[in-house]
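*Asks:* Need a 3D model of the sequence below.
(one chain, ligands or ions: 2)
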Amino acid sequence: MSLTLNWGILGAGNISSQFVHDLVLNNSREGSEVKHIVRSIGSSSNSKGHEFVKSNNITKNNNHGFETVVQSYDEFYANPDVNIVYIGTPHTLHKEQVIKSLEGGKHVLCEKPFTVNKRDAEELFKLAKSKNLFLMEAVWTRFFPSIALLQKYIFEEKALGEVHRLFADFSFELDFENSPPESRMRDIRLGAGALLDIGIYTITYARILLDNKVGDEHTKFDFKSFLTLDPTDGVDYNTSILLKYDNGKQGILTSSNYVNGAMPYVRLEGTKGVVEMFSDNPARPKKFTISFTDGREPIEYEDQSGYNGFIYEANAIAKDIAAGKLEDDIIPHAETLLVMSVMDQVRKDNGLVYPQDK
Ligand SMILES: NC(=O)C1=CN([C@@H]2O[C@H](COP(=O)(O)OP(=O)(O)OC[C@H]3O[C@@H](n4cnc5c(N)ncnc54)[C@H](OP(=O)(O)O)[C@@H]3O)[C@@H](O)[C@H]2O)C=CC1
Ligand SMILES: O=C1OC[C@@H](O)[C@H](O)[C@H]1O
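*Replies:* Numbering: from 1, shown residues only. Ligands and ions are numbered 1, 2, ... in the order given. As a prediction, the model looks like this:
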């Protein structure tokens, strides 16, 4: 089984840089199980692309002897050396870029939110299957070792007893003064708003901590929600979702771009114990504590790997592709569609329509 991926990185921005950091670190470490070769950076600007290669310190030495080229988007899609594309551009560009990457015969890992609505996501998954190519939404959170460990404690060992309630918050105060109205964080045409940007993670925590099944197998739930639409930008910067599973478990999910959130950002309550999660970034589940009601020693976990955490999803995909799979078991297509359907309904119930919905 060959565990080598030849990556093309689309968009030389913030998240692409964080993603590439992990690939470079992986390649600099002895004994890494997967070779992640960065073949190409697709950028709107040649100089920006070269600056990206430089600032992320991608060299032949830490890239398995390969030079990284910088290409225009169109050259990038046609690059025969790239076999998987990572899409790190604003939400509303994902759809067209996934299509062009698949048309170019490449597997795709596309940043969250995968698309703006479920209809578009379905179209992309159908296309990938028809071309026999792997396609996944990059919800990296789901792939952290901390999550697998928590799921073992919660669902297999029942360390919390009966789980009843989850609080999950992802909030940070957007620097409105320094974020121009045409930035991806504010522009409705780029899919701005807290729900698609950070609310998606609170729904993700409900999915992975309240239910041990994914996609078509999921436990049924219902929800009600409120969005506060900003009078200037017309998108939600305050978002609350109340969720109830058929088995009675509840999730209280909040996200905001008006105010900063508190720590712990996740609190999961059961009859015998409580999980609390801490992080500099609630998308990155690096640290948790489990405290027990009977006074037992708490369990404490912290990821000390030195990775940002993108390596976990990247390695999982390498194994999937080597095994000939078209989707991943942790976030199969149906799971992305489920989360997208929740976000569609929340927007519908609160009057948030993106131009792409029409
Ligand atoms: N997994 C995670 O934790 C995170 C995921 N994300 C997701 O990644 C995506 C990108 O976010 P982020 O990296 O923060 O965004 P940035 O604005 O930092 O970068 C996006 C890049 O996309 C390209 N681009 C093309 N067209 C546009 C446009 N009209 N406006 C802005 N950029 C454009 C640019 O690259 P170039 O000029 O080189 O073509 C730009 O640098 C989003 O969908 C977001 O949800 C973001 C942060 C964290
Ligand atoms: O996915 C994300 O996680 C971290 C946030 O800061 C960012 O806005 C968002 O896109």
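*Asks:* Apart from its neighbours in sequence, what residue is nearest residue 87?
*Replies:* Nearest residue to residue 87, sequence neighbours excluded (CB to CB, 6 or more residues apart in numbering): residue 110, at 4.3 Å. In short, each C-beta sits where N, CA and C put it, glycine included.
*Asks:* near ligand 2 at all, the helix or strand where that neighbour lies?
*Replies:* Assigned by DSSP states H and E, residue 110 belongs to strand 107-111. No - shown here: strand 107-111 not in contact with ligand 2 (CB under 6 Å from any ligand atom), separated by at least 7.6 Å.
*Asks:* Contacts for that strand, please.
*Replies:* Identification of contacts with strand 107-111 by CB atoms under 8 Å, 6 or more residues apart in numbering yields 15, 83-89, 91, 94, 97-98, 101-102, 128, 133-138, 313-314, 317, 321.
*Asks:* Give the next helix or strand downstream of it.
*Replies:* helix 118-130.
*Asks:* ok, and for that following helix, which residues are buried?
*Replies:* For helix 118-130, the neighbour count (16 or more other CB atoms under 10 Å) marks 118, 120, 121, 124, 125, 128 as buried.
*Asks:* name the helices or strands packed onto that helix?
*Replies:* Judged by 3 or more CB pairs under 8 Å, 6 or more residues apart in numbering; DSSP states H and E, the packing partners of helix 118-130 are helix 94-103, strand 135-138, helix 333-350.
*Asks:* from the buried residues of helix 118-130, which two are the most distant?
*Replies:* The span of the buried residues of helix 118-130, defined through CB to CB, is set by 118 and 128 at 15.6 Å.
*Asks:* Identify the residue spatially nearest to whatever residue of the stretch 101-250 of the chain ends up closest to ligand 1, adjacent ones excluded.
*Replies:* Nearest to ligand 1, among the residues of the stretch 101-250 of the chain, is residue 111, at 3.7 Å (CB to the nearest ligand atom). Spatially, and ignoring its direct neighbours in sequence, residue 111 is nearest to residue 138 (4.8 Å; CB to CB, 6+ apart).
*Asks:* how far away is that neighbour from residue 168?
*Replies:* Computed as CB to CB, to the nearest Å, the residue 138 to residue 168 distance reads 19 Å.
*Asks:* the more surrounded of those two?
*Replies:* Applying other CB atoms under 10 Å to residue 138 and residue 168 shows that residue 168 carries more neighbours, namely 28 against 23.
*Asks:* Point me to the helix or strand that includes the more buried one.
*Replies:* Assigned by DSSP H and E, residue 168 falls within strand 163-171.
*Asks:* buried set for that strand?
*Replies:* For strand 163-171, burial by neighbour count (16+ other CB under 10 Å) applies to 163, 166, 167, 168, 169, 170, 171.
*Asks:* any idea how far the first one is from residue 145?
*Replies:* I take that to be residue 163. From residue 163 across to residue 145, the span is 21 Å (CB to CB).
*Asks:* Over to the last one?
*Replies:* Noted for residue 171: a distance of 25 Å to residue 145, by CB to CB.
*Asks:* now do the fifth one
*Replies:* Using CB to CB, we find residue 169 at a distance of 23 Å from residue 145.
*Asks:* again, but for the third one
*Replies:* From residue 167 over to residue 145 the distance is 23 Å, taken as CB to CB.
*Asks:* Geometric centre of the chain: which residue is closest?
*Replies:* residue 139 (2.2 Å; CA atoms, centre = their mean).
*Asks:* if we can go back for a sec, tell me what the residue nearest to residue 87 is bridged to.
*Replies:* residue 87, residue 137 (DSSP bridges).
*Asks:* ok, it - how many residues close by?
*Replies:* Going by other CB under 10 Å, the residues that sit close to residue 110 add up to 26.
*Asks:* Next one: it from residue 96, what distance?
*Replies:* According to CB to CB, residue 110 stands 11 Å off from residue 96.
*Asks:* Equivalent analysis for residue 326, please.
*Replies:* From residue 326 over to residue 96 (counting by CB to CB), the distance is 21 Å.
*Asks:* same thing with residue 353?
*Replies:* Per CB to CB, residue 353 is found 20 Å from residue 96.
*Asks:* Now residue 140: closest residue in space, sequence neighbours ignored.
*Replies:* Closest to residue 140 by CB to CB, 6+ apart is residue 313, at 4.7 Å.
*Asks:* so the one you found, which of the three states?
*Replies:* What DSSP: H, G, I helix; E, B strand; the rest coil gives for residue 313 is helix.
*Asks:* what are the ranges of the helices in the stretch 201-350 of the chain?
*Replies:* Applying DSSP state H, counting those that start in this stretch to the stretch 201-350 of the chain gives helices spanning 310-322, 333-350.
*Asks:* Figure out which of those helices is closest to residue 253.
*Replies:* Distance to residue 253, taken as CB to CB, is lowest for helix 333-350 among the helices of the stretch 201-350 of the chain, at 9.7 Å.
*Asks:* ok, now which ones touch residue 306?
*Replies:* Residue 306 makes contact with residue 25, according to CB under 8 Å, 6+ apart.
*Asks:* Now do the phi/psi pair for it.
*Replies:* Torsion angles at residue 306 (phi, psi; degrees, to the nearest 10) stand at phi 90, psi -10.
*Asks:* cool, residue 76 as well?
*Replies:* Phi and psi for residue 76, reported as degrees, to the nearest 10, are phi -60, psi -50.
*Asks:* Tell me how far residue 305 lies from residue 205.
*Replies:* 21 Å.
*Asks:* between the two, who's got more neighbours?
*Replies:* Using other CB under 10 Å as the criterion, residue 305 and residue 205 rank with residue 205 on top: 25 against 15.
*Asks:* That'll do, ta.
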